[in-house]
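**Q** build me a structure from this.
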Amino acid sequence: MRDGDFVTITNRTADLPAWFELHPTKVCDALVFEMPKKLESGYQPGEIMDGPIIWRLKAGDRLVWVGESRPGRKAVDHVLAILECRRCALAVGESNRSGSEEWLAFGSLLHPELTPCELARTRAAVEEVRKLGMPRTKVLQWALG
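**A** Residues are numbered from 1 along each chain as shown. Predicted coordinates:
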């Protein structure tokens, strides 16, 4: 992530950006009962939304936040936190920078090769996830509900 970038991680439809439309084939649980009503009222779904700023986190996925310690958050061997997804969620990246090239590069590496510091952070993240063992939850298909 670059300065000015941020990510919203949620499994609540109320928290999704206004521009994001959840496709009828990607709903589960309670939303299965709401989607037919939406379709009957004239909703015409488009293609399944995808792009460099949309990441679908499946139940069982782990997301590691790496970096240096900061006020209120102490890094342990470069790891600030680990999010274990027990349910599917959506991560949506946003930036206060403008331009389509900025959006296309969102979340990409800053350099073609990892710096020694980035490599150390990556190794620390992988090691911490390995220590957690196998996830207790797993799904094959991503859906919100």
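**Q** quick one: low-confidence ranges for the chain?
**A** By pLDDT under 70, the low-scoring segments of the chain are 1, 98-109.
**Q** again, 80 this time
**A** 1-5, 52, 95-111 (pLDDT under 80).
**Q** those helices in it, which residues are they?
**A** Applying DSSP state H to the chain gives helices spanning 31-40, 100-104, 116-132.
**Q** tabulate those helices (CSV), appending distance to residue 64 and mean neighbour count.
**A** The way it works is simple: take the backbone N, C-alpha and C, and place the C-beta from them, glycine included. Converted to CSV, the helices of the chain look like this (distance: least, Cβ to Cβ, whole Å; neighbours: other Cβ atoms under 10 Å):
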stretch, distance to residue 64, mean neighbour count
helix 31-40, 28, 12
helix 100-104, 24, 11
helix 116-132, 4, 13
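**Q** would you mind giving the ones you listed as TSV with distance to residue 75 added?
**A** Putting those into TSV (distance: least, Cβ to Cβ, whole Å) gives the following:
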stretch	distance to residue 75
helix 31-40	37
helix 100-104	27
helix 116-132	9
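**Q** can you tell me which of these comes nearest to residue 25?
**A** helix 31-40 (9.4 Å; Cβ to Cβ).
**Q** alpha carbons of stretch 26-39, as PDB, please.
**A** Listed next in PDB are the C-alpha coordinates belonging to stretch 26-39 (Å, rounded to 0.1, in the frame of the first residue of the first chain):
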ATOM      1  CA  LYS A  26     -22.600 -14.400  -5.300                       C
ATOM      2  CA  VAL A  27     -25.100 -14.200  -2.500                       C
ATOM      3  CA  CYS A  28     -25.700 -16.700   0.300                       C
ATOM      4  CA  ASP A  29     -27.600 -17.100   3.600                       C
ATOM      5  CA  ALA A  30     -30.000 -14.200   4.400                       C
ATOM      6  CA  LEU A  31     -29.200 -12.400   1.100                       C
ATOM      7  CA  VAL A  32     -30.600 -15.400  -0.900                       C
ATOM      8  CA  PHE A  33     -34.100 -14.300   0.300                       C
ATOM      9  CA  GLU A  34     -33.500 -10.600  -0.500                       C
ATOM     10  CA  MET A  35     -32.100 -11.000  -4.100                       C
ATOM     11  CA  PRO A  36     -35.400 -12.400  -5.700                       C
ATOM     12  CA  LYS A  37     -37.200  -9.300  -4.400                       C
ATOM     13  CA  LYS A  38     -34.600  -7.100  -5.900                       C
ATOM     14  CA  LEU A  39     -34.800  -9.000  -9.300                       C
END
